[in-house]
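Student: just need the structure, nothing else, for what follows:
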Amino acid sequence: MALKPALTSSQKRYLRGLAHALKPVILVGGKGVSDGLLAELDLALERHELLKARIAAEDRDQRDAWIVQLTQRSGAELIQRVGNTATLFRPNREAPRIVLPR
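Tutor: Now for the predicted structure:
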């Protein structure tokens, strides 16, 4: 699998603007990141490309670890994290809908 190029700061800023009005689609509960949750995340990323995930962790270290698991195992990129909400982006493989600025 080829390495995907990292997003530039202007591209992340553009995606943060698009994500501002979004509601969380994925909710990570007390059981953490499971295979079922990752399957749902994969489907949601294919459909939406850009989404928010709410992480209900007991402490900051656990929340950060779950965010790392979500990004690494889904192939998504973390756009931003505000409190318990992480914004993730992964372009659709066949037909990307979000056109990023250069």
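Student: all strands for the chain, in order.
Tutor: Listed in chain order, the strands of the chain (DSSP state E) span 24-28, 50-55, 77-82, 85-89.
Student: and those, which is most packed in?
Tutor: strand 85-89 (a mean of 23; mean count of other Cβ atoms under 10 Å). In short, each C-beta sits where N, CA and C put it, glycine included.
Student: point out where this structure drops to low pLDDT.
Tutor: 1-5 (pLDDT under 70).
Student: center of it - which residue?
Tutor: residue 88 (1.8 Å; Cα atoms, centre = their mean).
Student: need the contact list for the closest residue to that residue other than its chain neighbours.
Tutor: Computed as Cβ to Cβ, 6 or more residues apart in numbering, the closest residue to residue 88 that is not its neighbour in sequence is residue 76, at 4.1 Å. By Cβ atoms under 8 Å, 6 or more residues apart in numbering, residue 76 lies in contact with 41, 45, 70, 88-90.
Student: look up how far residue 63 lies from residue 76.
Tutor: Shown here: residue 76 relative to residue 63, a distance of 16 Å by Cβ to Cβ, to the nearest Å.
Student: just checking, residue 44 touches residue 52?
Tutor: No: look at residue 44 against residue 52 with Cβ atoms under 8 Å: they stay out of range, at 10.1 Å.
Student: identify the contacts common to those two.
Tutor: 25-26.
Student: for residue 30, which non-adjacent residue is spatially closest?
Tutor: residue 56 (6.7 Å).
Student: can you count the residues close to that neighbour?
Tutor: 13 (other Cβ atoms under 10 Å).
Student: which residues does it contact?
Tutor: Contacts of residue 56 by Cβ under 8 Å, 6+ apart are 27-30, 84.
Student: which pair in those has the greatest spatial separation?
Tutor: 30 and 84 (12.9 Å; Cβ to Cβ).
Student: so the two - more neighbours on which side?
Tutor: residue 84 (15 against 7).
Student: that one and residue 57 touch, don't they?
Tutor: Yes: contact criterion Cβ under 8 Å: residue 84 and residue 57 qualify, at 7.4 Å.
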